[in-house]
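Participant: A predicted structure for the sequence below; I have some questions about it.
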Amino acid sequence: MTDISPQIDWLARLVAHDTTSSKSNLCLVEDVEAYLHGLGVTTKRVANEDGSKTNLYAVVGPAVEGGVVLSGHTDVVPVAGQDWLTDPFVLTEKDGRLYGRGTCDMKAFSAIGLSLVPEMLAANLTHPLIFALSYDEEVGCLGAPDMIDEIAREVPAPSAVIVGEPTMMKVIDGHKGISSFRTQVTGYTTHSSQANRGVSAVMMAARIISFIEGLSRELEENAPPASTFDPPHTTMTVNVVQGGTQLNIMAGACSFDWDMRSVPGDDVGEVFGRVQSFMTQVETEMRAKHESCAITTDWMTRAPHLAPKPGNRAVELAQALTGQNHTEVVSYATEGGQFQEANFHTVICGPGSIDQAHQPNEFISLAQVEAGTAFMRRLIARLRG
């Protein structure tokens with residue numbers, strides 16, 4: 001087995017930073033910055049409005065066109081309520097596995113890249129490797145777009161983007177998009193014995209949820225025949241509902257969160273428009289009883305799909321580095337769709353299994369860290385002078 005202790009050390013370093021999405025990621029960014037600055041690599045932050053979180057990108061090698069972007073998010077999902085057998089923020093090795101929050105999703109990819117920066121600098125690269133570390137991927141891919149825009153403006157045009165989400169080093173050229181919504185229903189409160197006077201926000205929300213379920217079944221029945229996604233169709237789910245105060249009170253308010261995971265080719269705006277049209281119909285009925293009733297929906301997150309496309313240079317590169325001659329698609333969303341939307345050739349390929357993502361006792365195998373390291377070294381060799 002190849003010596004991967006430097007990669008493990010860097011993974012331990014990144015895992016030790018609790019970058020749960022509800023918290024700042026500045027501790028991790030400052031650590032990475034200090035390391036890169038110590039090696040003479042210039043970095044650039046692209047922060048959120050209040051500066052509490054930031055993206056970070058850095059160009060290793062000459063500032064010329066044809067480089068390769070190494071994309072990874074710095075945030076992780078919460079550990080609250082999960083039954084962990086080890087400290088989630090202390091990397092723990094056991095039975096060929098490395099346990100800790102973010103080990104596979106997706107700090108291992110970034111750790112491998114960062115550990116190899118000295119090798120990148122010694123390689124006399126003819127084209128650069130560009131680190132692109134984002135914030136708030138786990139809560140809707142919120143951070144990356146500003147960084148992607150700046151890279152497009154300020155960095156000589158890269159030839160490929162590799163998003164290192166856990167794929168077991170398989171080459172992924174397509175994923176679903178995700179949009180999430182929050183609908184607020186305002187009813188009119190009365191005693192439940194006077195149901196003729198009141199408007200139950202919970203019951204009106206239930207009608208809308210039922211409509212969404214029916215629309216989801218319609219999308220299932222009309223799945224694109226050639227779709228290779230699992231499931232092959234766009235899905236719509238409602239997974240959070242809050243409303244009402246007491247059994248004998250007509251509910252004055254109800255809110256529910258819902259999402260749409262769309263396959264390439266389905267028009268998210270058109271599907272949302274159908275839901276909105278039904279909501280307008282329900283709201284009109286509600287207001288006929290009391291004018292204060294209302295239904296509002298916030299479109300909270302929009303992460304576009306990654307569509308398989310012929311001539312994708314990033315796919316060709318990943319295939320050359322892995323020796324694979326085929327590609328696959330996945331149903332989860334990544335920042336890859338945002339890079340593709342900005343006209344970057346993009347592929348998803350990284351160490352670890354998505355089966356471990358977001359789970360208690362998340363882990364990545366030592367074998368996958370070794371495979372990811374070999375992949376990165378082959379990439380360095382490909383860009384070597």
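Facilitator: Structure received.
Participant: okay, CA-based contacts and neighbour counts for the rest of this
Facilitator: OK.
Participant: those helices in this structure, which residues are they?
Facilitator: 5-15, 26-38, 108-115, 117-122, 144-154, 201-221, 268-289, 313-322, 336-341, 366-382 (DSSP state H).
Participant: Check which helices and strands the fourth one sits against.
Facilitator: Which is helix 117-122. strand 54-60 (3 or more Cα pairs under 8 Å, 6 or more residues apart in numbering; DSSP states H and E).
Participant: what does the second one give?
Facilitator: With contacts defined as 3+ Cα pairs under 8 Å, 6+ apart, helix 26-38 has these neighbours: strand 43-47, strand 54-60.
Participant: Then the third one?
Facilitator: Contacts of helix 108-115 with other secondary structure elements, assessed using 3+ Cα pairs under 8 Å, 6+ apart, are made with helix 5-15, strand 68-73, helix 366-382.
Participant: in the last one, what's buried?
Facilitator: If I follow you right, that is helix 366-382. Within helix 366-382, the residues that count as buried by 16 or more other Cα atoms under 10 Å are 366-377, 379-380.
Participant: end to end, how far does stretch 119-139 reach?
Facilitator: For stretch 119-139, the separation between the terminal residues is 34 Å (Cα to Cα, to the nearest Å).
Participant: And the contacts of it?
Facilitator: Defining contact as Cα atoms under 8 Å, 6 or more residues apart in numbering, one finds that stretch 119-139 is touched by 21, 25, 53-77, 141-144, 147, 334-335, 380-381, 383-385.
Participant: Distance check, the closest residue to Asn48 other than its chain neighbours against Asp355.
Facilitator: Once flanking residues are discounted, Asn48 sits nearest to Thr54: 5.9 Å by Cα to Cα, 6 or more residues apart in numbering. Distance of Thr54 to Asp355, computed by Cα to Cα: 28 Å.
Participant: Settle it for me: which of these two has more neighbours?
Facilitator: Thr54 (25 against 13; other Cα atoms under 10 Å).
Participant: which residues sit in contact with the more buried one?
Facilitator: Counting by Cα under 8 Å, 6+ apart, Thr54 has contacts Asn25, Leu26, Val29, Arg45, Val46, Ala47, Asn48, Ser134, Tyr135, Gly143.
Participant: Show me which of these are buried.
Facilitator: Asn25, Leu26, Val29, Arg45, Val46, Ala47, Ser134, Tyr135, Gly143.
Participant: how about these in a markdown table, adding pLDDT and distance to Val155?
Facilitator: As requested, those are exported to a markdown table (pLDDT from 0 to 100; distance: Cα to Cα, whole Å):
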| residue | pLDDT | distance to Val155 |
| --- | --- | --- |
| Asn25 | 98 | 24 |
| Leu26 | 98 | 23 |
| Val29 | 98 | 20 |
| Arg45 | 98 | 14 |
| Val46 | 98 | 14 |
| Ala47 | 98 | 17 |
| Ser134 | 98 | 16 |
| Tyr135 | 98 | 20 |
| Gly143 | 97 | 18 |
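Participant: Closest one of these to Trp10?
Facilitator: Using Cα to Cα, Val29 comes nearest to Trp10 of the buried ones among the contacts of Thr54, at 13.3 Å.
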